[in-house]
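Enquirer: Have a look at this prediction, sequence included:
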Amino acid sequence: MPQLQCLSLARHPGNLPDAFLLAFDANESEVARFNLHGIACPSSVARSVPKRRAEYLAGRRAAMAALADAGADLVDLAIGPSRAPVWPAGFIGSITHAAGIAAAVALRDGALRGVGIDLERIATAGALDAIARSVVDAAERSVLDELARRFGEPMALTVAFSAKESFYKATAATVGRVFDFSALKLVNLNEEMIVAETPEPLAAALPKGMRFELGYSLLDETTVITSCAWKR
């Protein structure tokens, strides 16, 4: 049975704790496996395809490990109306999935208002076209130039997509509505982080021109993890 692993986010901005990472088999999704780990299988998940059930179980296992490491005394993590996890009072966290892998991070509520992490496998050709059209504009493509030279354009565009996903996860509960990729603009990038800003106000706590430092790192030549630590 695959074991949970710790993934250091020490180089990411925000003083984040380790994430917990778990590889999983998309075919191993029987409800009995949920019972084995003491995790409830919501009816909406039970009705879904095996891949979704396997992702949910792996994500919850990673989240429970992250919460325990943060000091939470919890046996399961509920699912909310929007399908987002309901983190226990006093804690914040984020769960992410990619093909065959899940990860989660959790920490006590305090210096951060929100946190988001996102795992992505390198985008395929069709997805790259969509990212280039709808996720980044020409100025953002220029910001990504150095990363593209180092790791190739597919990885650079995947990092951009993932970073904006992390931002969404960190801020969605505060914004309270769906917003698109144009809500965050990449303005600078170095070897350890991406600097981005909000071109328009998203909420009272997210005014126009607010800057964020987003972390990114490559797990391997095909996988990236990004993070957004929204400071108070």
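Expert: Nice, thanks for sending it over.
Enquirer: So what's the residue count around residue 112?
Expert: Applying other C-beta atoms under 10 Å, we find 18 residues neighbouring residue 112. Heads up, the C-betas are built off the backbone N, CA and C, glycines and all.
Enquirer: show me the contacts for it.
Expert: Residues in contact with residue 112 (C-beta atoms under 8 Å, 6 or more residues apart in numbering) are 14, 92, 229, 230, 231, 232.
Enquirer: From those residues, list just the buried residues.
Expert: 14, 92, 229, 230 (16 or more other C-beta atoms under 10 Å).
Enquirer: can I get those in TSV with secondary structure, pLDDT and distance to residue 119?
Expert: As requested, those are exported to TSV (DSSP: H, G, I helix; E, B strand; the rest coil; pLDDT from 0 to 100; distance: C-beta to C-beta, whole Å):
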residue	secondary structure	pLDDT	distance to residue 119
14	coil	96	17
92	strand	97	18
229	strand	98	16
230	strand	97	19
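Enquirer: Report the two of these separated the most.
Expert: By the measure C-beta to C-beta, 14 and 92 form the most distant pair in those, at 11.5 Å.
Enquirer: Give me the common contacts of these two.
Expert: 112, 115.
Enquirer: contacts for the helix or strand of the chain with the lowest mean pLDDT?
Expert: In the chain, no helix or strand scores lower on mean pLDDT, DSSP states H and E than helix 31-36, which sits at a mean of 89. By C-beta under 8 Å, 6+ apart, the residues outside helix 31-36 that reach it are 40, 41, 46, 57.
Enquirer: Which of these fall in helices?
Expert: 46, 57 (DSSP state H).
Enquirer: Next, find the distance separating the residue of the chain most remote from its centre from residue 79.
Expert: For the chain, the largest distance from the centre (C-alpha atoms, centre = their mean) belongs to residue 32, which lies 27.3 Å off. The span separating residue 32 from residue 79 equals 20 Å under the rule C-beta to C-beta, to the nearest Å.
Enquirer: go on, residue 128?
Expert: 32 Å.
Enquirer: and if you look at residue 205?
Expert: Distance from residue 205 to residue 79, by C-beta to C-beta: 25 Å.
Enquirer: Repeat that for residue 152.
Expert: Residue 152 is 37 Å from residue 79, by C-beta to C-beta.
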